[in-house]
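# give the three-dimensional model of this entry:
(one chain, ligands or ions: 1)
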Amino acid sequence: MITIRVFNGPNLNLLGQREPGQYGHSSLAEIMQGLEQFADSCGVELEHMQTNSEGGMVDAIQQAGGDGVDYIIINPAGYTHTSVAIRDALLAVEIPFVEVHLSAVSSREPFRQITYFSDIAIGVISGFRGESYLLALQAILNRIEP
Ligand code: DQA
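Residues are numbered from 1 along each chain as shown. The predicted structure follows:
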């Protein structure tokens, strides 16, 4: 059975209330519940976490490395555009990952068009609101069983 861990960065705990025009009306709990159901139906073991801190994200990625996780789905949120430390953690554990965004970051402010992750990700899914996570999981499954 493959194991996937999902990491959500700062302010994603506010989904549903936070800028719904950008991020949609669903809460993080609702989005993660839908993702868990999809993972269950595909026989994938999936765990998820959210943190507002950069160090918390680095610790969780290191833990995933120690736990032998197969794939990561990560929305680094605001840290997408700033965090060398989270990038380095992903490089250190060598777990293939998909970068996910709810909004279409490439068509937003110039600073959001810079990501510290996309050049080392398997791929990037951006702009489909909560569905971005489902598409990321589907992309991983397609890669395993083409
Ligand atoms: C985000 C996009 C980031 O620019 C922003 O800081 C977020 C959420 C997204 O999912 O669209 O917090 O990662």
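# just confirm Ser132 contacts Ser126, I think it does.
Yes - assessed by CB atoms under 8 Å, Ser132 is found in contact with Ser126 at 6.5 Å. C-betas here are computed from N, CA, C, even on glycine.
# between these two, which contacts overlap?
Listed contacts common to Ser132 and Ser126 are 100-101; contacts here mean CB atoms under 8 Å, 6 or more residues apart in numbering.
# ok, Ala29 - how many residues close by?
Using other CB atoms under 10 Å, Ala29 is surrounded by 13 other residues.
# contact partners for the residue most central in space within the chain?
In the chain, the residue lying closest to the centroid (CA atoms, centre = their mean) is Ile74, at 2.0 Å. Contacts were defined as CB under 8 Å, 6+ apart; by that measure Ile74 touches 6-9, 90, 97-100, 117.
# cool, Ala92 as well?
Counting by CB under 8 Å, 6+ apart, the residues that Ala92 touches are 61-62, 65.
# can we see that at 10 Å?
58, 61-62, 65 (CB atoms under 10 Å, 6 or more residues apart in numbering).
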